[in-house]
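>>> no FASTA, just this:
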């Protein structure tokens, strides 16, 4: 018997264990040389309970964790308003940081974080996991190869129904916890991130129209987690006014003259979590849908259209490296985080950032800038330059 | 043997036999008490040739046809710029008129036609055939029954690829024949018509962004018909500037506060003729796609989504009456014209218009007004009230 | 004005006006040089009523019609047990015959009809309309071009739900009107016809297993037409034993060694009329589904799969000639009959049969032989050679 | 800081690290209280190399591992011919065993293993992971609730293309390593397992027809792993005869009289790994497809059909417990193993088998019996009782 030495293990701590924290945990455990060593929660009791439940060795407060020299990387999985202060504190403590999106509440905070991370020479990333669906990477690779040609137009939508009912409630509805924008900031940011990522184009102007279909909502008298609200039957509610958007459409203009639009909604019945993007080029048209993520539609004018199933043997190399299983073996949402972390931890192991390879704080900052301009446009009812 | 008397036959003449005229002809022949008696074409020779080919008894010039007392109904199937003068002349000659869309080049012309038709007491209709897909009528019927609830948002697109290449050319690219708007006027008008028709809402404001991806196109030195261009390999082209839009997105606001958007394009590779509309309501969400017209998707929050196949036994009665065949027996584009004409000719037989039952000149006028406002918005880069 | 002479008009009579007779009528009216002159029904009263309703000039008994020298072609659209005697009588009267399937109750009757038609030099056809979906013809054309390669296997199914409930009833359930086999004879025959037609292979052996899931059914005390049963709410039923199959699977062997299977059912809830066929070859795999008839899936090993939308610009020429409208303009069930009749009437006009071009009595005979062998296999529980 | 004690950790060893071993590894790591402590490979060098690569602490020979008292559970992930002897040795060493399918080469071996596991009081399971797609469990739960009614028929297929070309080669083509049956044993066993599992019915008779479309194949002169063959371009091949089936169809009869069929193939171009099953009942019809595993189609006769997206809020409780993420967040192939192992390790933790909860050796034995009968039927060309 040979016993392995685990000299090259990288230790991570996860801050926050609502919906997304455990997703980070599971994804990290799938990477051989990463160990999730610690967990932070709002109270010591909750931290201990969750650590036991999730099998994580160390449970502590955020501040204790920062002082643990064994922790190399911190995953910020708390509600939005904590992303900036916690990321900043972690960087100052010398930890690499992987932050949930949005990176901060305001673009200038994100700018500060980006500068700080660079100054400290630490690895920084934002969990824009949708980039890691192999078919999203495939679209990017095809565009880079020139198989799309000149891009004529982009048409995107991201539709959900978890806030469909007036009785659906969540901290994301409260601007002090989640920011001034909801549908755009929460899901629009993913869609706009992959739009620029896949097309290689930069947005230059936006024109937005927001709507809040539920002007008030019934807030339950106890806290509930993201996505779990729909199964609760609270006995007691408080009616509260809602100021953030349930639905938005944004006209897009890119620096090269390309145009497009995106629509986001959290009140579309039957759309559980459906991002759809269609990128029309002068050589082909690509369409991808996150509810059938292993498929890519390829529109052609002069031949039959193409329908590509995720398959390492058929994908472009850049997409193939995000595929762990043979063709027809569906991979999904949890696999995207695994692939993202594999690329980020490879940079951590190498000890140097890989700009452009994974979504870093610059990507997080970019989305905050775009979201702020979209909110500004919706308020002004006019085009706003980015 | 009993020989039937054809005393109640209604006689129609078709003006123009490009792409859509023969579609009118075939549809009319499927209605027992209608006879297509006459045909008009640009020249007597062409008229005679087409009449022989299509089995139509009488071939004449437009003016001769107007003087034929046997003709009760005139179908205007010529290029757009002729719709107004020919419809006017036909009404003045006392004929009922079924006009291709757009009804005219300018809204005020359409207004004049509507007034004239009313004054003369003649039946008038516009060939907005998409209303006659049974699943489109089904959406309207479900909305009228309250099964959609309050409408939260509308998301539509109409994508084609028949003008995808710079070498694709057609009279619709020429403003003097087709008007100042192309994608919006040609296919956007269908989409906006069914949007208002299905939702029962009225547009109040539009904000449009147009793009012309091919700033010039190569015009062949001989005439070609709509849709047939793609198969030609012209040896000789002239490069001409293009001023009408290949692609447009329009933000929509309705009088009741509902919002939405539509995107139209004639340069989306692989989209042959794909209208997609999603209408999100407070009780359900409906999606329909013209490339799979016999299917209706019904989004639900608290149960499985629904997927309805066209079936007279399952459709609402108002939709069922547009279905000629049992469930699973696909009906398509040619059947929509048949169903539209059945409703219009029933009104002709009854001798009185059925407002709201079929798309009449008021519907044609409405689309011209909307298109003009959209074009105005695109020019001003600002919201325009309707 | 030029008045056309209708010297080359071909006159047809339709015998029987249940579900399929009116479908023949509408399809025929779409062909310029064909006139549906006469109609026969079970009684003079019914004939007169239907003729008035359908706009057909002459209404008579079957015998009267045979004596009408103006009738050139007879369409047999009556219940199955009448196909043989009526086809025979029509041929003896010197009429061309287009018969609904099955051509007869027994193969030897079909053989007699085929011999008689040949002897008389008359055109004969069976309404195997599924061959006329453009994508079915496309599959055949691709196979003929060698794009399938060697055929490895065939997998087909034809599923319906119109006899799903024990209370569903129709003359097709009664062997004296419809024959000893039901699901196989009624829909299996279509599926097996296109299997041999598309692949170019000949069946050599079959092994069948039948099941009758409703051993008895509730027969209403008044007659109802095919497919319309599902909407009736009869007050009074009689429980009758059922001897024909609701469901069957048949293993197939072809003369060249290729294998496959087909499954047919009339009791599959939610399947309205869904034929699905997948033909796996050594170069590609084709799948087609009659509920989305304008689409063809093309499976590939070493590239993305293909998805072809019906489009005359993309189809093989042999398929393109069955397409009346541009890409994306859905054509469906009614269009198949139009295309079939166009080919048969072209032969009538030419005055000579086009063997192999359209399904003639030889095709009708072939299906009867295959069905008889399948029934024999189901009874013997063993392979039977064809 | 609280440091957790890992007193209840269960330690696993994985035997074999071809295609499926690493899938076991990743899945196990996602379960908090399981540690993959050891790995066995064909040689000490390979074991050490793989252990380092996969981050597994201990690398040893199979025999060494059996003697390691820290190992509680052994995962047998080796080629088929080793399943029986290794499972037996592991049980004799007092280890719980999770074996890849097939459990053995012959049913009597599996019977011996089942008896041995019971005698030893050890937990035993077979990796029939397809049962763990939430929508498969949903079908079972719906059937148990009576929402399917009486089952009329079953129609299944499992199609792949990884052995499509004559140049595709793998140890699974060699009977001494993989057994006498290939497509049926390898993928048919999964399909038949979920058929009985979902329907709750027992097969009583089978009638099979096999075909080997490539009578010979070109065997490369070096070993290649399952599924990876398609990307290799071997320079040197040896032509070898093939005796196992590329394709098979099997007619099925169940003890209660229900009938059905399954088709399996490894030579269907474009089908990467597509299991499709349709279960027709007297109240509804269910269809599920492994290439879109998060969706379930629900056929209905008297309403629209249903289309259920995986969503813990909409699933039956038994299916909901297999779902880790909210609606619309795709889960796939890797998640099935995680869910299976969660149920098996829960039994290990409890210290007692949960019959019927997860697929145990009885399920493994059942599939071997069925496969043997299918092979016997194919040889005899006749029905064989089970």
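Sure, I can see it. What you see is a predicted model; the values in this text were computed from it and never measured.
>>> Give me the nearest residue to the residue minimising distance to the centre of chain A, chain neighbours excluded.
In chain A, the residue lying closest to the centroid (Cα atoms, centre = their mean) is residue A:128, at 3.2 Å. With sequence-adjacent residues excluded and distances taken as Cβ to Cβ, 6 or more residues apart in numbering or on different chains, residue A:128 is closest to residue A:359, at 4.0 Å. Glycine gets a C-beta too; all of them are placed from N, C-alpha and C.
>>> for residue A:11, same thing?
Spatially, and ignoring its direct neighbours in sequence, residue A:11 is nearest to residue A:37 (4.2 Å; Cβ to Cβ, 6+ apart).
>>> what about the one you found, neighbour count?
Applying other Cβ atoms under 10 Å in any protein chain shown, we find 20 other residues in the vicinity of residue A:37.
>>> picking up where we left off before, so the residue nearest to the centre of chain A sits against residue A:363, correct?
Yes - with contact defined as Cβ atoms under 8 Å, residue A:128 counts as touching residue A:363 (6.1 Å).
>>> By mean pLDDT, which helix or strand of chain A comes out lowest?
Sorting the helices and strands of chain A by mean pLDDT, DSSP states H and E puts strand A:2-3 at the bottom, at a mean of 66.
>>> Residue A:240 belongs to a helix?
No - per DSSP: H, G, I helix; E, B strand; the rest coil, residue A:240 lies outside any helix segment and is strand.
>>> need the contact list for it.
By Cβ atoms under 8 Å, 6 or more residues apart in numbering or on different chains, residue A:240 lies in contact with A:216-219.
>>> run the last query once more with 7 Å
Under the criterion of Cβ atoms under 7 Å, 6 or more residues apart in numbering or on different chains, the contact list for residue A:240 reads A:216-217, A:219.
>>> Kindly report the same for residue A:65.
Neighbour list for residue A:65: A:13, A:38, A:40, A:71 [criterion: Cβ under 7 Å, 6+ apart].
>>> at 10 Å what do you get?
Shown in contact with residue A:65 (Cβ atoms under 10 Å, 6 or more residues apart in numbering or on different chains): A:13-15, A:37-40, A:47, A:58-59, A:71, A:74, A:89-90, A:93, A:95, D:1.
>>> how about the helix or strand hosting it: buried residues?
Element membership for residue A:65 (DSSP states H and E) is helix A:62-67. For helix A:62-67, burial by neighbour count (16 or more other Cβ atoms under 10 Å in any protein chain shown) applies to A:62, A:64-66.
>>> Just give me the closest of those residues to residue B:337.
residue A:62 (67.8 Å; Cβ to Cβ).
>>> Can you name the element that comes right after the helix or strand containing residue A:46?
Following DSSP H and E, one finds residue A:46 within helix A:44-54. Going down the chain from helix A:44-54, the next helix or strand is strand A:58-60, by DSSP H and E.
>>> So in that sheet, which strands flank that next one, and in what orientation?
strand A:34-40 (parallel), strand D:2-3 (antiparallel) (DSSP bridges).
>>> Point out the most buried one among those strands.
Mean neighbours per residue, mean count of other Cβ atoms under 10 Å in any protein chain shown, is largest over the strands paired with strand A:58-60 for strand A:34-40, with a mean of 25.
>>> how about the longest helix seen in chain A: buried residues?
Across chain A, the longest stretch assigned as helix under DSSP state H is helix A:361-380. Residues of helix A:361-380 classed as buried by neighbour count (16+ other Cβ under 10 Å): A:361-375, A:377-378.
>>> wait, what's in contact with residue A:81?
Counting by Cβ under 10 Å, 6+ apart, residue A:81 makes contact with A:102, A:104-105, A:171, A:174-179.
>>> Thanks a lot, see you next time.
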